[in-house]
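**Q** My questions are about this predicted structure, shown below with the sequence.
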Amino acid sequence: MTSHQSTQTMKPATAAKKLGVYLEATPADFREGVVSRAELNELQANPPQWLQDLRRNGPHPRPVVAAKLGVSIAGLARGGVTEALTTEQIETLKQENPEWLVRERATQAEVRKEAARVKKKHAERND
């Protein structure tokens, strides 16, 4: 008796999320098909030109935009950023440094500081 292993596939939205790219900016054949685990691994190991370009220039999905700006996704929404942004738009925002971005970066810094404090306290308790 042999075991038959089925090919694991995912929706394009899931694959785009794993690749860190904005689904709507991917080629039509990517958006309209399914992606196997092997195809995803190949895209990660040897990204085609379209994937390299998207990662470099965008438009980037909100999690990537938030990371590049040093804020949370909720912070983006509070700042009125609801669309995918290109690398150029992100750099412009960084240069302009609007008040909401300053505030959200400070909030994010406090959140990280508190998380580190809690982690340290938890580690000390377990020693």
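**A** Nice, thanks for sending it over. Because the structure is a prediction, the values reported are computed rather than measured.

**Q** Please make it C-alpha for all contacts and neighbour counts, starting now.
**A** Noted.

**Q** Count residues in the vicinity of L76, would you?
**A** Residues near L76, counting by other Cα atoms under 10 Å, number 21.

**Q** Distance check, it against K119.
**A** Distance, L76 to K119, by Cα to Cα, to the nearest Å: 26 Å.

**Q** swap in N97?
**A** 31 Å.

**Q** repeat for A16
**A** 32 Å.

**Q** Between those two, which is the more surrounded one?
**A** A16 (22 against 12).

**Q** was I right about V21 contacting R55?
**A** Yes - contact criterion Cα atoms under 8 Å: V21 and R55 qualify, at 6.5 Å.

**Q** Which one's more surrounded, the two?
**A** V21 (25 against 19).

**Q** Kindly confirm my reading that that one is in a strand.
**A** No - secondary structure of V21 (DSSP: H, G, I helix; E, B strand; the rest coil): coil, not part of a strand.

**Q** For the remainder of this discussion, apply numbering that starts at 4.
**A** Understood, numbering begins at 4; the last thing we discussed is V24.

**Q** Now it. Its backbone dihedrals?
**A** phi -120, psi 160 (degrees, to the nearest 10).

**Q** Could I get the average pLDDT for the longest helix along the chain?
**A** In the chain, ranked by residue count with DSSP state H as the criterion, the top helix is helix 102-129. Per-residue pLDDT values over helix 102-129 give a mean of 89.

**Q** Now find how far off-centre that helix is within its chain.
**A** 20 Å (Cα atoms, centre = their mean, to the nearest Å).

**Q** same deal with stretch 86-106?
**A** The answer for stretch 86-106 is 16 Å, by Cα atoms, centre = their mean.

**Q** Tell me where the model's unsure across the chain.
**A** The model of the chain has pLDDT under 70 over residues 4-9.

**Q** can you pull out the helices in it?
**A** 15-22, 31-35, 40-48, 52-60, 65-72, 76-81, 90-99, 102-129.
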